[in-house]
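Visitor: How does the following fold in three dimensions:
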Amino acid sequence: MKKIDVTLMQNANWPLLLSLFVLLGAFCLQYCSEFANLLIRWNHQDFSYCYLVPFLFMYLIYTNRHALKSYEIQSSRLGIAVLLLSGFIYLLGKLGSIETLVYISIWLVFVGLVVLLMGVKITRALAFPLIVLAFIVPLPRFLNNLFTFKLKLVSSAVAVKMMQLKGLSVLREGNIIDLGVTQLQLVDACSGLRYVYPLLLIGLLFGYLFHRKWWERAVILLVTIPISVLSNALRIAITGYLTMEVSAKAAETFFHGFSGWLIFIISFAFLAVISGLLRLTKVRLTNEAPSKDKKDNITANSLNLDNIKTSYVWTASVLLLLFWGLDNTMAMAQLRPSRKTFDEFPTTIGEWKGERSYVRPEILKELWADDYVQIKFRHSKTGDSLLLFIPYYEYQGTRHTAHSPVSCLIGGGYAPLSRKILERKFPEPFGKAQVRQMVLQKTRLLLLSNYWFQQRGRIVVSEYLNKWYLFWDSLTKRRTDGALIRLEMVLRGDQDIKTAQSVIDTFTLELMKILPQYVPV
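Guide: The predicted structure follows:
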């Protein structure tokens, strides 16, 4: 036994093992904290399925192990280009505070290392497992909220039709289903749609494992969204039926207990039935079956890891360390301009008098702001009231940046009715600028909201353009400080949108005269 151990140690490729060990260390150094943030996102109910993705990835590689043995390792320089792209996306995500880009760069590093170390042919053989691995990346918060909110509206509309066909008298107004005895909010009915993403993944696996034609795989993938919507509609309809015909307690027990699993089982069953019907539409060609035999026969060769070029491993390590160093160097070089704190912000602006309020600690934790002000102002003559909310950030990075108000407002149960850009003229140094106007509805209330990102002397309404300026200013100005300005006004019964907007405009002109003291230009 000792002789065998000594022989194994003598035959080991120590330069390659050392380079791989250094590569692992470089990868951990660059992405260790990012994995911690990624796990926080995975802990969200919509993305808890992500924990299974790495295991699925490894399982798919295991099932392809015989086919992989037919390939010879041929390290490719093309992997350097992929690693350079992943590094640029990493810096763009870090400096532009786009969390999703950082997670995409993690996936691209895996792809780049496979290409660099194993070669293009093996990467092609692993194409599907690598596509599945991409599901470790959660959607950005605002995109997830917008996507699921639209699906909630469709689900609730279908659910109302189901209940009406059953003879129940129900109405839907905006994001509310009126059951007569009570009201069911869409925000409560949303959680069933957390199965959209895992069902997409399952659809992808169904198509890969059980279908050969590309159009069949496309059909399986495309039907996952309507299946999720219909299943969730059934869940809402059953909840409404139990509320009206049995008891509210029975409905609540069903809604918060068994219904989630029921949706997933029904969705999975629908997908299995559609997959089975597709397979029955055409008799399989006889030459499709031997493909497994062919795959099983290729077992003589084995992947020789000694063919990995050690120089390429060192190159990959240097690139990872380079991008990690660039990120840290630029982060430490950021400037934080002096300003007045919001503790000094006035509660009287022109003819508007206000009263401060404070957000709850759990919301403040999610806000990531270094300073904020929230004041409800009331006009001394007209009686109009509006809410001013400004979170300020001394610097911005992933998990420390201004949120899009769209996510917050929709998350609060409001349904967006309109969203457009208004042209306005502000006092110097801003001049002509754009403001985003949103009109939202909750039951019979109308809410008018204006917001913009005020950052480093710019006023920006586009979330995407704001992220680009964060990246650009971090390079050219060494600054990423800024704030989100948010104004909200609930309309009175006798007010229309145009009248309410003129009220906000009047307040905004007064606000912009003092705001640069608290949000540096």
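Visitor: Break down the stretch 401-521 of the chain into its strands, ranges please.
Guide: Using DSSP state E, counting those that start in this stretch, the strands found in the stretch 401-521 of the chain span residues 415-426, 431-442, 445-455, 458-460, 482-490.
Visitor: which residues does residue 433 bridge with?
Guide: Using DSSP bridges, the bridge partners assigned to residue 433 are residue 424.
Visitor: Quick one: residues contacting it.
Guide: When the contact criterion is Cβ atoms under 8 Å, 6 or more residues apart in numbering, the partners of residue 433 are 423, 424, 425, 426, 452, 459. In short, each C-beta sits where N, CA and C put it, glycine included.
Visitor: Please pull up the helix or strand immediately following the longest helix along the chain.
Guide: Secondary structure of the chain per DSSP state H: the longest helix is helix 14-42. For helix 14-42, the following helix or strand on the C-terminal side (DSSP states H and E) is helix 53-63.
Visitor: just to revisit the earlier point, looking at the contacts of residue 433, which is nearest residue 199?
Guide: The closest of those to residue 199 turns out to be residue 452 (Cβ to Cβ; 37.2 Å).
Visitor: distance of that closest one from residue 482?
Guide: Residue 452 sits 11 Å away from residue 482, going by Cβ to Cβ, to the nearest Å.
Visitor: cool, and residue 261?
Guide: Distance from residue 261 to residue 482, by Cβ to Cβ: 44 Å.
Visitor: Determine which member of these two has the greater number of neighbouring residues.
Guide: The neighbour count for residue 261 versus residue 482, taken as other Cβ atoms under 10 Å, is higher for residue 482 (26 against 9).
Visitor: Residue 377 - how many residues pack around it?
Guide: For residue 377, using other Cβ under 10 Å, the count is 24.
Visitor: buried residues in whatever helix or strand it lives in?
Guide: Assigned by DSSP H and E, residue 377 belongs to strand 371-379. For strand 371-379, burial by neighbour count (16 or more other Cβ atoms under 10 Å) applies to 371, 372, 373, 374, 375, 376, 377, 379.
Visitor: Straight-line length of stretch 335-342, end to end?
Guide: 20 Å (Cα to Cα, to the nearest Å).
Visitor: ok, residue 240 to residue 159 distance?
Guide: Counting by Cβ to Cβ, the gap from residue 240 to residue 159 is 7 Å.
Visitor: The closest residue to residue 114 other than its chain neighbours in helix, strand or coil?
Guide: Nearest residue to residue 114, sequence neighbours excluded (Cβ to Cβ, 6 or more residues apart in numbering): residue 123, at 5.1 Å. For residue 123, the secondary structure call by DSSP: H, G, I helix; E, B strand; the rest coil comes out as helix.
Visitor: For residue 123, give me its contacts.
Guide: 111, 114, 115, 130.
Visitor: Quick check, the first one in contact with residue 82.
Guide: Yes - counting by Cβ atoms under 8 Å, residue 111 sits close enough to residue 82 to count as a contact (5.8 Å).
Visitor: rewinding a little: so which of the strands of the stretch 401-521 of the chain comes closest to residue 351?
Guide: Closest among the strands of the stretch 401-521 of the chain, once you apply Cβ to Cβ, is strand 482-490, at 15.6 Å.
Visitor: As TSV, the contacts of residue 123 with pLDDT, distance to residue 511 and neighbour count would be great.
Guide: Output for the contacts of residue 123, formatted as TSV (pLDDT from 0 to 100; distance: Cβ to Cβ, whole Å; neighbours: other Cβ atoms under 10 Å):
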residue	pLDDT	distance to residue 511	neighbour count
111	96	48	21
114	95	53	20
115	96	53	23
130	95	50	17
